[in-house]
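Q: structural data only, the sequence is not supplied:
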């Protein structure tokens, strides 16, 4: 069935950016948010888009992740709010793991006002940002370097296993309603599992576009997480599991 011109353009924008918000679409097309919601609902019914809180995401393969440059531009304001909330939880003089991800990179920027942090990371972007603080100690894991600045592989896992830190700050590609944490790269998942095992508290930063997003590799259950930071409430089934499992939910 042929799409209306506005719906076709919404789909094109979602494919270009990975995510589009209702408010920005309403402003761009000079229509009401209710009109945009109806357009998104029709596109979702045809399985061309996936509805998210406040917008829509382009349905992509469960095998391949969105390109890094596109991910970096998605949900930028929401990631910033999440980052500030996570950073506020971290005291000075703490030890941290910080994993791969554009949200964790935003958290690193939000930590620049802290003092005396010791950070172990497999994310070169995080390391570069935090190296600007003279009283931070930043340790970078060795391994195989990906195009997005992530470092993965068995050498990375072995490096992580040497430490026991106060906090792990992690991101994720998708969260299923059954609480499964999902990602695309098996080697990245192995590193994330090691990070979680070796931290006293695990803080997961995930914007609302990650709820219900599909990805091939299962990291584990969200039960492994102590706190979840997001910009909107999760689906009801996932929210029940968070309560049952004692995972603290922080909405920003």
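A: Yes, it's here. In this text, all values refer to a predicted model and were calculated from it rather than measured experimentally. Numbers count the residues shown, from 1 in each chain.
Q: beyond the worst-scoring helix or strand of the chain on mean pLDDT, next helix or strand please.
A: Across the helices and strands of the chain, mean confidence by mean pLDDT, DSSP states H and E is lowest for helix 68-73: a mean of 57. Following helix 68-73 in sequence order, the next helix or strand is helix 76-89 (DSSP states H and E).
Q: now the next helix or strand after that following helix: mean pLDDT?
A: Next in sequence after helix 76-89, counting helices and strands by DSSP H and E, comes strand 95-98. Strand 95-98 shows a mean pLDDT of 98.
Q: what residues does strand 95-98 touch?
A: With contacts defined as Cβ atoms under 8 Å, 6 or more residues apart in numbering, strand 95-98 is touched by 90, 104, 107-108, 117-121, 123, 126, 160, 163, 165-170, 195, 198-199. (Each C-beta comes from the backbone N, C-alpha and C, glycine too.)
Q: can you select the buried ones from those residues in ChimeraX?
A: In ChimeraX, this line selects whichever of the contacts of strand 95-98 come out buried by 16 or more other Cβ atoms under 10 Å:
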select :90,104,107,108,117,119,120,121,123,126,160,163,165,166,167,168,169,170,195,198,199
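Q: show me the contacts of strand 95-98 that map onto strands.
A: Among these, the residues falling in strands (DSSP state E) are 118-121, 165-170, 199.
Q: and the two most separated of those residues?
A: 118 and 170 (17.1 Å; Cβ to Cβ).
Q: so how far is stretch 127-134 from its chain's centroid?
A: 21 Å (Cα atoms, centre = their mean, to the nearest Å).
Q: and what of stretch 226-234?
A: The mean C-alpha position of stretch 226-234 is separated from the chain mean by 11 Å, Cα atoms, centre = their mean.
Q: same question, stretch 92-100
A: 16 Å.
Q: stretch 144-155 too?
A: In terms of Cα atoms, centre = their mean, the centre of stretch 144-155 is set 18 Å apart from its chain centre.
Q: give me the contact list for that stretch.
A: So stretch 144-155 is contacted by 68, 100, 122-125, 140-143, 156, 185, 187-188, 190-191 (Cβ under 8 Å, 6+ apart).
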